[in-house]
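1. the sequence and its predicted three-dimensional model are supplied below.
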Amino acid sequence: MAFARLAILPTYKVVSDTIEREILAGRLNAGDILPTETELADQFGVTRHTVREGIRILEQSGLVRREAGRRLYVAEPHYGDLAPRLSRAMVMQRVTFRELWEVSMDLEPSAAAHAAGRIDASRLAQLRANVEATEEAIAAGTSIIPLDVAFHILVAEAAGNRALLLAREPVTQLFYPALERLFRHPKTSAVGPRRLVEAHRHIVEALADGDAAVAREWMRKHMVDFRRGYDTAGLDLDEALDPTAAPPAAPPPRR
């Protein structure tokens, strides 16, 4: 009888996995201060270097943070922190714009429908201000893409569904460079921004009325219009994503 070779983890991975289990089990909570590297090394019976490597893994995953002049503490990963890895995986898998659009056709209308029943006055005011700022940007001839990013983040946050936020963010980070490409195209640069802000106004009014069906339908029309613009511009829906594209800057979403 032959036994399978044991898979022995590196010691630093054992350290990171052990701390991660404590966090996920709720025995360490967001904001809790971790012991120093020396204390952890003593507790685990390993070197400080090993602890440092284990902590590095936890920092990369967003589970712990180290602010200037402060010790390590447990952090709650934000969806914006987790998305870049998945976005890079999509690029490496040569995911196409068509695939992104198909997923967005499910996620964005769903977010709008949920938001209609859960949005509060503060976020509604933010959305109205966003639409006005978008109108002003169009009149001034400046980019509206950061405002569009912020608009969809606000709607998704208003939906009050953390699973939806986590699901849409990696797609969003790759979707908006395609929007920038569309708005720079001579066939769509003039009409595209106007159609975008019109759809945003209808979505906001549906949210204000608490009408989930109308909010969903206008978001669906908004996404279909984006696809139509791609067709009008003659852009290739099945082209692999541009690995050099980066999402435009947007106000950071509320944590």
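-> Right, received. Where do you want to start?
2. what about Val131, distance to Ala206?
-> From Val131 over to Ala206 the distance is 13 Å, taken as CB to CB, to the nearest Å. Just so you know, the C-beta spots here come from the backbone N, C-alpha and C atoms, and that holds for glycine as well.
3. so where is this structure shaky, pLDDT-wise?
-> 6, 69, 79-83, 242-255 (pLDDT under 70).
4. ok so, going back, more neighbours: Val131 and Ala206, which one.
-> More crowded of Val131 and Ala206, by other CB atoms under 10 Å: Ala206, with 22 against 19.
5. which residues touch the more buried one?
-> Counting by CB atoms under 8 Å, 6 or more residues apart in numbering, Ala206 makes contact with 112, 116, 214-215, 218.
6. in the protein, which residue is closest to the centre?
-> In the chain, the centroid-proximal residue (CA atoms, centre = their mean) is Glu169; its distance is 2.3 Å.
7. for Leu28, what are its contacts?
-> 19, 22, 34, 74.
8. wait, what's in contact with the third one?
-> By CB under 8 Å, 6+ apart, the contact list for Leu34 reads 19, 28, 40, 64, 71-74.
9. ok, of those, which come out buried?
-> Neighbour counting by 16 or more other CB atoms under 10 Å classes 19, 28, 40, 64, 72, 74 among those as buried.
10. going by distance to Gly192, which of those wins?
-> The closest of the buried ones among the contacts of Leu34 to Gly192 turns out to be Val64 (CB to CB; 42.7 Å).
11. from Tyr12, how far out is that closest one?
-> Distance from Val64 to Tyr12, by CB to CB: 14 Å.
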